[in-house]
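In: Mind looking at a prediction? Sequence and model below.
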Amino acid sequence: MNFILAFIQLMLIFLIVLIEYRNASTVIFLWATLLVMFGLPHFIAVLTQTLIYPESVYLKASLFVILFNLIYLMFRYVFKIIFGKFEVINCIKEEIKNNAIIYNQRKESLRLLITLILFFSVSIFLIIKDYGSIYNTSWGLIYTNSLSAYSLGFNIQSISFFTKYIVFATGGLFTYYFYKKDLVKSFLTAIIIILYTIITRNRILILPIVIPVLLIFLLKYRKLNFKKVILYGILGCGVIYIVYALRLFRHFGDLTTFINTFEFESFNKRLFEMLLSGDGELGLRNVFLYFIYNDNNFLNFNKGHTYLRLLFMFIPTKYALGLKPPDFAISMGSAWMGDFTNNRFSTHPTLYGDCFANLYWFGIFLAIFWALIAVVIDKIIYKSNLLKKLNYISIFGSMYIIVGRGSVYNGVLLGTISAILLQIMYIVYHKFPRIKLTSKSYNL
């Protein structure tokens, strides 16, 4: 029975990936993440009997995932009937064939690129000012000294605070300039994002370049066959390697230490040891299993804290009059560590585990929420112009991957702020100049 349920959950996730691929929906990034981070490793663990918990735990996990997926499929279909079908990727494929559409947005794209360069330059300036050199930076130092949202104001440090959101909001420039055949600006966008990721060691910052690269393949290959499945499998392995490499990169401390001690063979040996031992992203499903094993018998569980926090997203906790619950990722981290005095360490048990930890078995009904989110986001992207479409996919594709690994609140917060900043930049760079131009024409 355990093997059968593990196989069914895998097939259901794979089926949803295929359906969303044919739907040309951006939510495919969420389901591809769940396939890689839960579906496949969970099935392999059951198949090979490499279990770290009793079989009943794996059986319950499979059952939860099956029910969640079935509810998602049902309501995804219902919402598609109610709200319509928005084939985002197919729409983009048609628009990039039209050179007029691409060239009509060249001014806005250049202004966005200049904004990215400005924010990146300010951040690097502040890093050099604080640490003497980018070679002296480390993940721990930057994380400890990062500016709190409570400290924001009209100062240069606040510009640096928003840099990561600008990176997500402008990642689509890589794809835009790629199809515009302006490879210099396309690679400049990529280099800025990669350098910022390397300097800050923040792994999620690589996503605004990973998503556009994957999008290029999704646009090129719309008909799926065995060869394309193999190709996407290779791309998936490449993404996993990059994520693990960036995680291992953090462990070296500052850049100087990394440069002086790096050996390719030793680095890869350590990387594959992490990969095979279940350390890192592919081991997050074990946190979900741990919650099942302990029947969610932990402080702050079963209260829907993640989703309550989303309701009060833009209200700082200390101003929420006690209505905004504590960071549930830290509550899950405390449960995983067995230390409820912890107020810093957080963990993420994949989206499935987060749903289970939030609402126990009722968490399967959160599939309705995510089915609705898929439709809403696709509609927002579909109704936008080409440049905004590409940048929205950078934003929401990244958000989906972060949510898939179980960092739901952080993923949605990052996606929301980045989308708002993109809209603000679009108004400033697109609408205001037109208003000014129209006024001059009227006066004439």
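Out: Thanks, I have it. Numbers count the residues shown, from 1 in each chain.

In: Quick one, grab the pLDDT at Glu263.
Out: Looking at Glu263, its pLDDT stands at 83.

In: how many neighbours does it have?
Out: 9 (other C-beta atoms under 10 Å). For the C-beta atoms, the positions are set from N, CA and C on the backbone; glycine is no exception.

In: ok, now Leu299?
Out: For Leu299, using other C-beta under 10 Å, the count is 10.

In: Hmm, it is touching Phe340, no?
Out: Yes - here Leu299 reaches Phe340: they are 5.7 Å apart, a contact under C-beta atoms under 8 Å.

In: Common neighbours of the two, please.
Out: Ser334 (C-beta atoms under 8 Å, 6 or more residues apart in numbering).

In: Low-confidence stretches in the stretch 1-150 of the chain?
Out: For the stretch 1-150 of the chain, residues meeting the criterion pLDDT under 70 lie at 138-150.

In: so what's Val412 up against?
Out: Leu310, Met313, Met399, Val403.

In: Now the third one. Nearest residue, chain neighbours left out?
Out: Computed as C-beta to C-beta, 6 or more residues apart in numbering, the closest residue to Met399 that is not its neighbour in sequence is Gly415, at 3.3 Å.

In: Which element, helix or strand, includes that neighbour?
Out: helix 408-426 (DSSP states H and E).

In: buried ones in stretch 297-311?
Out: In terms of neighbour count (16 or more other C-beta atoms under 10 Å), stretch 297-311 has its buried residues at Phe298, Asn300, Phe301, Asn302, Lys303, Gly304, His305, Thr306, Tyr307, Arg309, Leu310.

In: For it, give the mean pLDDT please.
Out: For stretch 297-311, mean pLDDT rounds to 93.

In: hmm, who's touching it?
Out: So stretch 297-311 is contacted by 291, 296, 323-328, 331, 334-335, 340, 354, 357-360, 366, 369, 408-409, 412 (C-beta under 8 Å, 6+ apart).

In: Narrow those residues to those that are buried.
Out: The buried subset of these - by 16+ other C-beta under 10 Å - is 291, 296, 324-325, 327-328, 331, 334-335, 354, 357-360, 366, 408-409, 412.

In: out of these, which are inside helices?
Out: Using DSSP state H, the subset of these located in helices is 291, 328, 331, 334-335, 354, 357-359, 366, 408-409, 412.

In: Would you quantify the distance from the residue nearest to Met399 to Glu20?
Out: 18 Å (C-beta to C-beta, to the nearest Å).

In: Adding distance to Asn2, write the contacts of Val412 out as a markdown table.
Out: Below are the contacts of Val412 laid out as a markdown table (distance: C-beta to C-beta, whole Å):
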| residue | distance to Asn2 |
| --- | --- |
| Leu310 | 34 |
| Met313 | 39 |
| Met399 | 33 |
| Val403 | 28 |
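
In: from these, which would you call buried?
Out: Leu310, Met399, Val403.

In: Pick the one among these closest to Ile199.
Out: Of all the buried ones among the contacts of Val412, Met399 has the smallest distance to Ile199: 22.7 Å, by C-beta to C-beta.

In: Go ahead and confirm Asn296 touches Tyr360.
Out: Yes - with contacts counted by C-beta under 8 Å, Asn296 reaches Tyr360, the gap being 5.4 Å.

In: Roughly how far does Ile424 sit from Thr175?
Out: Applying C-beta to C-beta to Ile424 and Thr175 gives a distance of 21 Å.

In: out of the two, which sits in the more crowded spot?
Out: Thr175 (27 against 11).

In: which one is the more buried one nearest to, not counting chain neighbours?
Out: Leaving aside its sequence neighbours, Thr175 sits nearest to Pro212 (C-beta to C-beta, 6+ apart; 4.3 Å).

In: secondary structure class for Ser25?
Out: coil (DSSP: H, G, I helix; E, B strand; the rest coil).

In: what's the neighbour count on it?
Out: Ser25 has 26 nearby residues by other C-beta under 10 Å.

In: What count of nearby residues applies to the nearest residue to it once chain neighbours are set aside?
Out: Closest residue to Ser25 apart from its sequence neighbours, by C-beta to C-beta, 6+ apart: Asp378 at 5.4 Å. Counted with other C-beta under 10 Å, the neighbours of Asp378 add up to 27.

In: list the contacts for Asp378?
Out: Ser25, Thr26, Val27, Phe86, Val88.

In: Centre of the chain to the helix or strand where it lies, how far?
Out: Here Asp378 sits within helix 366-382, counting by DSSP H and E. Centroid separation for helix 366-382 versus its chain: 15 Å, with C-alpha atoms, centre = their mean, to the nearest Å.

In: just curious, which of the contacts of Asp378 is nearest to Ala190?
Out: Taking the contacts of Asp378 together and measuring to Ala190 by C-beta to C-beta, the closest member is Thr26, at 20.3 Å.

In: hang on, the earlier thing: what's the farthest-apart pair in the contacts of Asp378?
Out: Val27 and Phe86 (10.8 Å).

In: more crowded one of these two?
Out: Using other C-beta under 10 Å as the criterion, Val27 and Phe86 rank with Val27 on top: 25 against 22.

In: And the nearest residue to the more buried one once chain neighbours are set aside, how close does it get to Val403?
Out: Leaving aside its sequence neighbours, Val27 sits nearest to Ala374 (C-beta to C-beta, 6+ apart; 4.0 Å). According to C-beta to C-beta, Ala374 stands 11 Å off from Val403.
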